[in-house]
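*Asks:* compute the structure for the input listed below.
(one chain, ligands or ions: 2)
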Amino acid sequence: MVKGLINKIIPFSFVDGPGNRMAIFLQGCNFNCLYCHNPETINPCNNCGLCVNACHYNALSIENGAVVWNKNACQQCDECIKACNRNSSPKVTSMTVEEVVNEIKKVKSFISGITVSGGECTLQSEFLTELFREVKKLGLTTFVDTNGYILLEDKKDFLGVMDKAMVDMKSFDREEHKMLTGKDNETVLKNIRYLASIDKLYEVRTVIVPEVLENYYNVDNISRLIAELNPKIRYKIIKYRPLGVRTNLIQSYTPSDQMMKELYCIAKGNGLEDIVLL
Ligand code: SF4
Ligand code: SF4
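*Replies:* Ligands and ions are numbered 1, 2, ... in the order given. The predicted model follows:
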C-alpha cells in the first residue's frame, strides 16, 4: 500500500487556490531554492536525533533508532525545526490514503477542495493519484502547487484525477533558474505549455527578488508566454519577503509597491487578463 510522507495538513486555507481548501504539504523537494519559505520540507529525516534535546515539551524521543514525535505533547513551537541542520522536520508522518481521507472528511462540508503542496508534491504522484481518486468521490476538487520539475505529460493516471495545477516559474532564464533553484527550467516550461493545452493550468507564479533576479525580464517573458497560451490564465506576481526564508543564502529586500505596479503594467501590456499582485 502506497503511503504519503506528510509534513503538515492545514484544514482551511484561502491562499492555496479557489475558495476554502484543505492544504496538504508533502515532504521532499527536488529544488533547493535560495529563498525557500519551507526549508524543513526539503529532505526526509535521517533520524540523527539532533532535534530531540531542542524540544522543551518532551514531544520527541528516539525509539529503535528512529525519532518519534508525540503529536499530543507538541506545542508547535518549531524549536526542533530550528535545531535540524538537514532541512527536515521530526514531525513528518507517513500516512495512507485512507488516513488522509479521514482528515478530509472531518472538514468536508466547509471546503471546496484540497490543494497539495510541499516540498514538491509531484514527487509522490503515485500516492497523489490514489488520494485524488478518493477525494473526487467526495465531490471535492483536486489542485496541486508544483515547481514543475517532474514531467507530467506521461503521468496520464495522475492528470486524470488532478483538476488544476498552480506552477512556479521562478525565472525565465535557464542559468538564473539554475542559480536560484539548483535545476534548469526546461521541464517547467514544458509542463506549463502542456498543462495549458489540456486546460489544467490554473495559475503561474513568480517571486520578485530585487538585486538577485532579472525581475523585469522574467515578468515580461513569462507573461508573454502565458498570453500566448491563454491570456485568461492567472499570473500571480509575488513580493519576496525575508520573513521565514534562509536569509543567510540570499541578500535581498521586499520590492516596493512602485516596482510591483511596473511589473503589473508589463504583464497587462502583454495581454494578460488576470494578474494578481501579492
Ligand atoms: S514543535 Fe513540537 S516537537 Fe518540535 S520542539 Fe516544539 S514542542 Fe517539540
Ligand atoms: S528532523 Fe532533523 S535533526 Fe531531527 S532527527 Fe530528523 S534529521 Fe535529525
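*Asks:* for the stretch 151-278 of the chain, which spans come out with low pLDDT?
*Replies:* Low-confidence regions of the stretch 151-278 of the chain, defined by pLDDT under 70, span residues 244-247.
*Asks:* tell me the buried residues in the longest strand along the chain?
*Replies:* With DSSP state E setting the assignment, residue counts place strand 3-13 as the longest strand in the chain. Residues of strand 3-13 classed as buried by neighbour count (16 or more other C-beta atoms under 10 Å): 4-9, 13. In short, each C-beta sits where N, CA and C put it, glycine included.
*Asks:* what's the closest of these to ligand 2?
*Replies:* Proximity to ligand 2 was ranked across the buried residues of strand 3-13 by C-beta to the nearest ligand atom; first place goes to Asn7, at 11.0 Å.
*Asks:* model confidence score at the closest one, please.
*Replies:* Among the per-residue scores, Asn7 holds a pLDDT of 96.
*Asks:* hang on, the earlier thing: list just the nearest of the buried residues of strand 3-13 to ligand 1.
*Replies:* Each of the buried residues of strand 3-13 was checked against ligand 1 using C-beta to the nearest ligand atom; the closest is Lys8, at 10.8 Å.
*Asks:* just list the residues touching the closest one, thanks.
*Replies:* Neighbour list for Lys8: 25, 91 [criterion: C-beta atoms under 8 Å, 6 or more residues apart in numbering].
*Asks:* then Phe127?
*Replies:* Phe127 makes contact with 2-4, 97 under the criterion C-beta under 8 Å, 6+ apart.
*Asks:* and if you look at Met95?
*Replies:* For Met95, the residues meeting the contact criterion (C-beta under 8 Å, 6+ apart) are 3-4, 6.
*Asks:* up against ligand 1, what does the stretch 1-150 of the chain have?
*Replies:* Along the stretch 1-150 of the chain, the residues adjacent to ligand 1 under the rule C-beta under 6 Å from any ligand atom are 54-55, 57, 59-60, 69, 74-80.
*Asks:* for those, which single residue is the most surrounded?
*Replies:* Highest neighbour count within these: Cys80, with 24 neighbours (other C-beta atoms under 10 Å).
*Asks:* which residue sits closest to that one, ignoring its sequence neighbours?
*Replies:* If the residues on either side of it in the chain are set aside, Cys80 comes closest to Cys51, at 3.9 Å by C-beta to C-beta, 6 or more residues apart in numbering.
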